[in-house]
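Sequence below, structure please.
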Amino acid sequence: MNLLLTIMMSLSIMLMWLNHPLSMGLMLICQTMIMSMIIGLSLGSFLFSYIIMIIMLSGALVLFIYMASVASNEKFQTSIKLLIMFIIINIIIYVLMCDNSNKSSFIDMNIKMETMTLIKLYGSMSAYITMMMIMYLLLTMIVVSNIATVSEGPLRMKT
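So this is what the prediction gives:
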């Protein structure tokens, strides 16, 4: 769990230094998958995290398709400095999180509190609103994918 939290924090920090839309989309997809693993491990059941991951990835992929069609001619450059900074930040955060003092019991208690918050958030009373939001996002995803069919070409018109 500490490793997943470390990776999540380092990806959040690295998102600030990215400037290409496709790399930002890839970073959001990675963060979504890591967050769904954290939620699944916290709750003990991966059903909720699987649903959240599918909805978030579908929205991110729609954005990815749009940005790929708009910024299709931009060069994608990788930076060695960014990679080295990512590794250093990852190591520092992992060392700070693996301190075996009283912080470990606080982190465990905090994870249990987050689990209880998620259970309250998606409990019986707000389940209707959550299901309506999920259905709306699913309908939006289907409509957007039908609008942007493969046979009609890219989303923007070339002039």
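
can you pull the buried residues of the helix or strand residue 39 falls within?
Assessed by DSSP states H and E, residue 39 sits inside helix 21-43. For helix 21-43, burial by neighbour count (16 or more other C-beta atoms under 10 Å) applies to 21, 23-25, 27-29, 31-32, 34-40, 42-43. Every residue, glycine included, has its C-beta placed from N, CA and C.

Quick one: list the elements packing against it.
helix 2-15, helix 47-70, helix 103-121 (3 or more C-beta pairs under 8 Å, 6 or more residues apart in numbering; DSSP states H and E).

Would you mind measuring from residue 75 to residue 10?
Computed as C-beta to C-beta, to the nearest Å, the residue 75 to residue 10 distance reads 25 Å.

With neighbour numbers in mind, choose between these two.
Between residue 75 and residue 10, residue 10 has the larger neighbour count (other C-beta atoms under 10 Å), namely 20 against 5.

thinking again about what came up before, quick one: average pLDDT of the helix holding residue 39?
For helix 21-43, mean pLDDT rounds to 83.

what's next to it, contact-wise?
Under the criterion C-beta atoms under 8 Å, 6 or more residues apart in numbering, residues 1, 4-5, 7-8, 11-12, 14-15, 18, 46, 48-50, 52-53, 56-57, 60-61, 63-64, 67-68, 70-71, 76, 111, 114-115, 118-119 lie in contact with helix 21-43.
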